[in-house]
Every structure is written in C-alpha cells, then in structure tokens.
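Peer 1: Provided below are the primary sequence and the corresponding predicted coordinates.
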Amino acid sequence: MTTGRPPVDSRSRRGFVLRRWLVVLSLAAIGGVVGSRTAVSSRVAEPGTETPEVTAAIPGTTIATRGPLSLVLTQRGALDCVQKTTLYSKVEWETKLTYVLPEGSFAKKGDLIAALDVAKLREEYGSERVDVMMAETALSAAEDALLLQRIENENVLAAARLKKDIAELSLDGYKAAEHPFQVRDLERQIAAAEDALHTAQEKFDFASRLLLKGYKQAVDVDRERLAVAQAKQKHDNLVESLRVLEKHGHQRNLLSLTGSAESADRGLTRAESLAQTRLIVRGMQIDAQRRRLLRQQEQFRWATRMLQECEIRAPHDGQVVYARLPDSYEPIAEGVRVKFLQPIAVIPDRSRMQVAVRIHETQRRLVEIGLPAQICTDADPRRPLAGKVQAISQFPVSGRYPNYDLREYEVKVVLDEGQEDLTPGLTAKVDLIAASKSDALQVPFDAVTEVDDCYLAFVREGEKVIPRQVTLGERSQDHVEILSGIEEGELVVLDPRERCSEALAAWERGRGDVLQTATVLGE
C-alpha cells in the first residue's frame, strides 16, 4: 500500500491560494491605516474665518468639503502688566501708616504714595549722628596721639643714643688716655720720691758723720733720720698706689665703663623696641577708632536710608492699587501698622499688558517665540486684541489642582498695543494661532468614529452606507482634516455609532474574522 499525502483537488488548491492572498492584502491595508495615524491636537477655527460646511440634503449626513482650516490652541489666563512695581515697607520694624494715597488715583513718577511714622526714626537718626561725631573726634584724638608719640619716641631715642655715645667715649678715653696717664703720673711721682729718698739718705749720712766729728748735734741727726723715714714712706705709698691701680683699680674701672657702654647699648635697643611698640599700639588704636567710625557711619547711613524709606514714592507713572493681603493682615489704610517688607501698593504700567497661560507638553512643539495670538477678555468678549508670544518656560511645571501629574509649559503673551482701559486681573481667553491650511478636505468631528486602532467614516452611496477607514490630519475646534479615505463632495453620515450601529457591528465582525485568519496563517 502506498503511503503519503492524499491527492489535492486543483480547484480546492486555487481557492485556498485566493483566500490566502485576500488575507495578506487585508493585513497590508490594516497595517497601512495603523501606520498612517497622526496625533490629533486641540484646534479651533482661526478668528475671522468660518469653516465652510454645506448642509447635506439628506438629514443626518454632511458633505466632505474643502476650505481653510486653522490650528488654534485656546487657553485661559489673567491679564497682567509687563511692568508692575510692588511698593513695600522697607523700614526694618513694625511702624504705622500716617498717609496713603487713595486707591485708584493716578500718580506721576516721584509722587508720594504712602508715608510711615518717623517719630522713632528721627530719634534714632539724631542718636546715630551724635555717635558719628563722637567717633570722628575719637579718631582725630588717636591720630594726634600718634603724632605726639612719634615726637616722644624721637626724644627718648635721642637720649638713649647720647647715653650710649657717652659711655662708649668714656670707655675709649679711659683705655686710650686716662689709664695710661694715671700710670705715667704715678711712675713720675715714684721717680721723684726715689730722688727725694736718696737725697734724704745722703743728708742723714752726712749729718751722722758730722755728729761723729762734733759738728752736728743729735737733734739734727734725728731730724734727718725722720726726713729719710718720711721720704721712704712716701715712696712706698706711691709704689703701692701703682700696684693697686694695675692690679685692682684698672680692672674695676674697665669693667665699670664697659658695663656702662653695654647697658647704654641695651637701653638704646630697648628704647627703639618700646618706641616701635608704642607706635603699633597707637596705630591699632587709630584703626579701632576708624573702624568704629565706619560702623557708626554705616549706622548713620542706615538711619538716613530708613528715614528716606518712610516716604514711599512712585517709581513710574501709573494707577495706585492697594496690595491684596491675607486675611490675617489689616486692609491698607491710614493708621494701620505695617511690618517690614509688607506690600503696601502696586503701581501697574498699563502701557504694556500680558497674559500668562499654560500649554500641555504635547503642544510645546507647536508654539514658538513670536507666534501670533488673539486675546478676548470675559468682560468684553467682542473686542479682540492682538498679541504675540514673548516667552516660553524652558522646563515644564506640574499641573494645577487636582491634575498634578500633568506637565505644562508657561507661555507669556504680550499685547501688541497698550490698553489703558484694561484692568490687571481680568480673565481672558487666548487663541494661539499655531498653524493654518488654506485648502483642506474636512468633515465635522461627529462624522468620524474610532474603532480599536483606526478611524471609520460611513459614506452613503445611493441607498447603501459603506464603512471606510480614513486617515486624519490636523483638526480645529469642530472639524478634522481627511487625508485619505473620503473624496470631496461625498455624503458622510453623522453620529455613525447611533445611525449605523448594525453596519459598524458587521464591520467589526468582518475585521475580527480577517485578524483571526491572519493569526492562524501566521501560526
């Protein structure tokens, strides 16, 4: 018996091949539709233009038409001034408002807006002024003391130098002149004493010989003997004086004079050191007084500035608006106590107005600096105002309550012309004209429905309603651009989920069968 596959009928094989190609073509079409989908953003019609829409002859349908389509991002914000100045109390303690300009008044640059109580500050100002004068006097006295100290140092140093010079001269004089003179004088006296002793001895001897011969008496001999003794005593005394001078007096005098010279030298060094120290002390006193003066001057400038800050004046022209404070603060009025850095009034410059709005992070690519915009206030919605995007935040911020997970960009739109009659704080609608098309095939939003991952529109062809996959482009507030799937002039059913529910269900079943067959073939 032969084994193998059973024979396949040729007609069955051709039918299988046709079904397989049908499935492949269906998958390719679905993939093309899925791949061609584009992101749809919130858009409204460009102000001043109307999207052409022709009412269909058959109720519940519309006609696909061509016409201008504008991409407009609509956001809401509050009017504000580009330049507005908040006036604060810059007095560094709590004080009282003694005057405030009535709210709503127009002020020129330099006009008095508010005045604060200056009673305490005037006392502080006077005290600081006295302290500055005392510090200036103390600094002048310290500088004079330094000058006197320099003169005194010169006198002390001159006396010390003189004492040193005298001591050195005394030492040198003793070594070179005084001591040699004393030695020579004693030696001369000793020589004279020796001569006198020799003479006295000769006289004594002569008198003794005469006494023996009877020419002299004993008294005369005794007198000569006494003279010899006196001459000898004088000679011995002079010799002893010379010995004492050489052995003792000279060394004592030399040490004394050397010590005096060294003491005078040390005294000069000490005087120089003390003079330098006194100058340093005087300099430090001057530096301390100068720093004290600088501190007092700084305090005086602070008191002067605080006194000036008690008068709050307008930095530029504008209308005075009282600052809006929390409930814990008293309303701005005369007699109210205000704290340091508490806002008192705001002066907006209405020559340039702006609106701050936020856009979703997906719309950031559509907005750039200089993008035109149209602003309408809720107070006067029929009065459009032109403006441009002036600034866009570099980083996204968290969304407002309760959508904190959103990421938004802050956009500032500045009005092209100043509007003096506009009041800051008015709610305004801002239309950012991101893009526009002059000729776009479009249908209302209600004519397109989303099914899974594609968009469907139902087109009337005679008595039949045919589902078609469409590719969407840009959209405005109520219309969407059709890139493919519908031709101009075709009738498109509105609200297809209500009017074409059976056809929609049949299309979903057929699409499910095709996807199931594709899954089986893939396996």
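Peer 2: Perfect, I can see it now.

Peer 1: any low-confidence regions in the chain?
Peer 2: Confidence mapping of the chain against pLDDT under 70 gives the ranges 1-57, 328, 418, 477, 512-523.

Peer 1: next helix or strand past the longest helix belonging to the chain?
Peer 2: Scanning the chain for the longest helix, with DSSP state H as the assignment, gives helix 250-309. Per DSSP states H and E, the first helix or strand lying C-terminal to helix 250-309 is strand 311-313.

Peer 1: name the helices or strands packed onto whichever strand or helix holds residue 229?
Peer 2: Under the criterion of DSSP H and E, residue 229 resides in helix 218-244. Packing partners of helix 218-244 (3 or more CB pairs under 8 Å, 6 or more residues apart in numbering; DSSP states H and E): helix 179-213. For the C-beta atoms, the positions are set from N, CA and C on the backbone; glycine is no exception.

Peer 1: so what secondary structure elements neighbour the helix it packs on?
Peer 2: So helix 179-213, by 3+ CB pairs under 8 Å, 6+ apart, packs with helix 218-244, helix 250-309.

Peer 1: can you put these in JSON lines and add mean neighbour count and distance to residue 406?
Peer 2: JSON lines is the format used below for the helices and strands packed on helix 179-213 (neighbours: other CB atoms under 10 Å; distance: least, CB to CB, whole Å):
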{"stretch": "helix 218-244", "mean neighbour count": "15", "distance to residue 406": "119"}
{"stretch": "helix 250-309", "mean neighbour count": "15", "distance to residue 406": "43"}
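
Peer 1: hey, where'd the helices end up in this protein?
Peer 2: Under DSSP H, the chain gives helices at 10-35, 119-173, 179-213, 218-244, 250-309, 496-499, 501-522.

Peer 1: how about those, which one is nearest residue 463?
Peer 2: Closest of the helices of the chain to residue 463 is helix 501-522, at 12.6 Å (criterion: CB to CB).

Peer 1: Touching, residue 318 and residue 350? I think so.
Peer 2: Yes. Shown here, residue 318 and residue 350 form a contact pair, counting by CB atoms under 8 Å, at 7.1 Å.

Peer 1: what about the helices of the chain, which gets the closest to residue 365?
Peer 2: Proximity to residue 365 (CB to CB) singles out helix 10-35 among the helices of the chain, at 20.7 Å.

Peer 1: Let me know the angle separating the longest helix of the chain from helix 119-173.
Peer 2: 170 degrees (axes from the mean of the first three to the mean of the last three CA atoms, to 10 degrees).

Peer 1: In terms of secondary structure, what does helix 250-309 contact?
Peer 2: Partner elements for helix 250-309 (3+ CB pairs under 8 Å, 6+ apart): helix 119-173, helix 179-213.

Peer 1: Just the buried residues of the strand ranked longest in the chain, please?
Peer 2: When the chain is parsed with DSSP state E, its longest strand is strand 65-88. Buried residues in strand 65-88, counted by 16 or more other CB atoms under 10 Å: 65, 67-73, 75, 77, 79-82, 84, 87-88.

Peer 1: For it, name the packing helices and strands.
Peer 2: If you count contacts as 3+ CB pairs under 8 Å, 6+ apart, strand 65-88 packs onto strand 343-360, strand 407-415, strand 427-444, strand 464-475.

Peer 1: Report the inter-axis angle for the first one versus strand 427-444.
Peer 2: Right, strand 343-360. 10 degrees.

Peer 1: With the last one instead?
Peer 2: Computed by the same axes, to 10 degrees, the angle separating strand 464-475 from strand 427-444 equals 140 degrees.

Peer 1: ok, strand 464-475: who's next to it in the sheet?
Peer 2: Here strand 464-475 is paired, per DSSP bridges, with strand 454-461 (antiparallel), strand 479-484 (antiparallel).

Peer 1: which residues sit against the first one?
Peer 2: Contact partners of strand 454-461, identified using CB atoms under 8 Å, 6 or more residues apart in numbering, comprise 30, 33-34, 37, 58, 61, 443, 447-450, 465-472, 482, 485-486, 490-493, 496, 499-500, 503-504, 507.

Peer 1: What of stretch 259-275?
Peer 2: Under CB under 8 Å, 6+ apart, the answer for stretch 259-275 is 153, 156-157, 159-161, 163-168, 170-171.

Peer 1: how does the chain divide up, domain by domain?
Peer 2: Taking automatic domain parsing as the reference, the chain has its domains at 90-117+313-341, 121-308.

Peer 1: Could you dump these into CSV and include distance to residue 415?
Peer 2: Converted to CSV, these look like this (distance: least, CB to CB, whole Å):
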stretch, distance to residue 415
domain 90-117+313-341, 16
domain 121-308, 36
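
Peer 1: Let's see stretch 310-330 as CSV, backbone CA atoms only.
Peer 2: C-alpha atoms of stretch 310-330 as CSV (Å, rounded to 0.1, in the frame of the first residue of the first chain):
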residue,chain,number,x,y,z
CYS,A,310,9.4,106.3,55.4
GLU,A,311,8.4,108.2,52.2
ILE,A,312,7.2,105.7,49.5
ARG,A,313,7.1,107.4,46.1
ALA,A,314,6.0,106.2,42.7
PRO,A,315,8.9,104.8,40.6
HIS,A,316,6.9,105.4,37.4
ASP,A,317,3.5,106.7,36.2
GLY,A,318,0.5,104.5,36.9
GLN,A,319,-2.6,103.9,38.9
VAL,A,320,-2.3,103.1,42.6
VAL,A,321,-3.8,99.7,43.6
TYR,A,322,-3.6,98.6,47.2
ALA,A,323,-1.8,95.3,47.8
ARG,A,324,-4.1,92.3,48.3
LEU,A,325,-3.1,90.8,51.7
PRO,A,326,-4.1,87.6,53.5
ASP,A,327,-7.0,87.7,55.9
SER,A,328,-4.6,87.9,58.9
TYR,A,329,-3.5,91.4,57.8
GLU,A,330,-5.5,94.6,58.2
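
Peer 1: what comes up buried for that stretch?
Peer 2: So for stretch 310-330, counting by 16+ other CB under 10 Å, buried means 310, 312, 314, 318-323.

Peer 1: so what's the spatially closest residue to residue 241 that is not a sequence neighbour up against?
Peer 2: Of all residues not flanking residue 241 in the chain, residue 186 sits nearest, at 5.7 Å (CB to CB, 6 or more residues apart in numbering). Residues counted as contacts of residue 186 (CB under 8 Å, 6+ apart) are 238, 241-242, 245.

Peer 1: between those, which is nearest residue 225?
Peer 2: Nearest member of the contacts of residue 186 to residue 225, counting by CB to CB, is residue 238, at 20.8 Å.

Peer 1: Relative to residue 196, how far out is the closest residue to that closest one other than its chain neighbours?
Peer 2: Among residues not flanking residue 238 along the chain, residue 190 sits closest, at 4.5 Å (CB to CB, 6+ apart). Residue 190 is 11 Å from residue 196, where distance means CB to CB, to the nearest Å.

Peer 1: what do the two both touch?
Peer 2: Looking at what touches both residue 190 and residue 196 (by CB under 8 Å, 6+ apart), the common residues are residue 235.

Peer 1: Spatially central, which residue of this structure would that be?
Peer 2: Residue closest to the mean C-alpha point of the chain, counted by CA atoms, centre = their mean, is residue 341 at 19.6 Å.

Peer 1: so that residue makes contact with residue 88?
Peer 2: Yes. At 5.1 Å, residue 341 counts as touching residue 88 under the criterion of CB under 8 Å.

Peer 1: List of residues touching stretch 299-306?
Peer 2: Outside stretch 299-306, the residues touching it (CB under 8 Å, 6+ apart) are 90-92, 121, 124-125, 128-129, 131-132.

Peer 1: rewinding a little: please identify which of the helices and strands packed on helix 179-213 is closest to residue 116.
Peer 2: With respect to residue 116, and counting by CB to CB, the nearest of these is helix 250-309 at 7.6 Å.

Peer 1: now the angle between helix 179-213 and that closest one, please.
Peer 2: Going by the same axes, to 10 degrees, helix 250-309 makes 150 degrees with helix 179-213.
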